[in-house]
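**Q** sequence and computational prediction follow.
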Amino acid sequence: MLHAFLTVIQDGAAAMDAEAAKNYLGLLGAGLGVGLTVIGTGLGIGKIGESVTSGIARQPEAAASIQTAGIILAALIEGVALFGLVIGLLFKLM
């Protein structure tokens, strides 16, 4: 299925002039990169939330330190996601 999708995209780009094809494929690449970044970020933060909730349920007395560690890890993932978004948008500009 992916091969057929890429073939259709290449055929569409071949029918355009060079500048329009470059813009078309650049937008497609940026959109795919940003989409994958957002999906990965959502999965990562969801996994952190699951683990923090599970850890607090097992040891309620350590809730403050577990919650702090979870927030720090979520912030690190957000930073990596922002980096991925910037790279995706820069890819479009090139």
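**A** Happy to help now that I have it.

**Q** distance of the spatially most central residue of the chain from Val80?
**A** With distances taken as CA atoms, centre = their mean, the chain has Thr37 as the residue nearest its mean C-alpha position (0.8 Å). For Thr37, the distance to Val80 equals 9 Å [CB to CB, to the nearest Å]. C-beta coordinates here come from the backbone N, C-alpha and C atoms, glycine included.

**Q** before we move on, what about Ser65?
**A** Summarising the geometry, the distance separating Ser65 from Val80, computed by CB to CB, is 23 Å.

**Q** output the below-cut-off pLDDT ranges for this structure.
**A** Counting by pLDDT under 70, the low-confidence segments of the chain come to 1-2, 94.

**Q** for it, which helix is longest?
**A** Across the chain, the longest stretch assigned as helix under DSSP state H is helix 18-58.

**Q** buried set for the helix or strand following it?
**A** Toward the C-terminal end, the helix or strand that comes next after helix 18-58 (DSSP states H and E) is helix 63-93. Neighbour-count burial for helix 63-93 flags Ile66, Gly70, Leu73, Ala74, Ile77, Ala81, Gly84, Leu85, Gly88, Lys92 (criterion: 16 or more other CB atoms under 10 Å).
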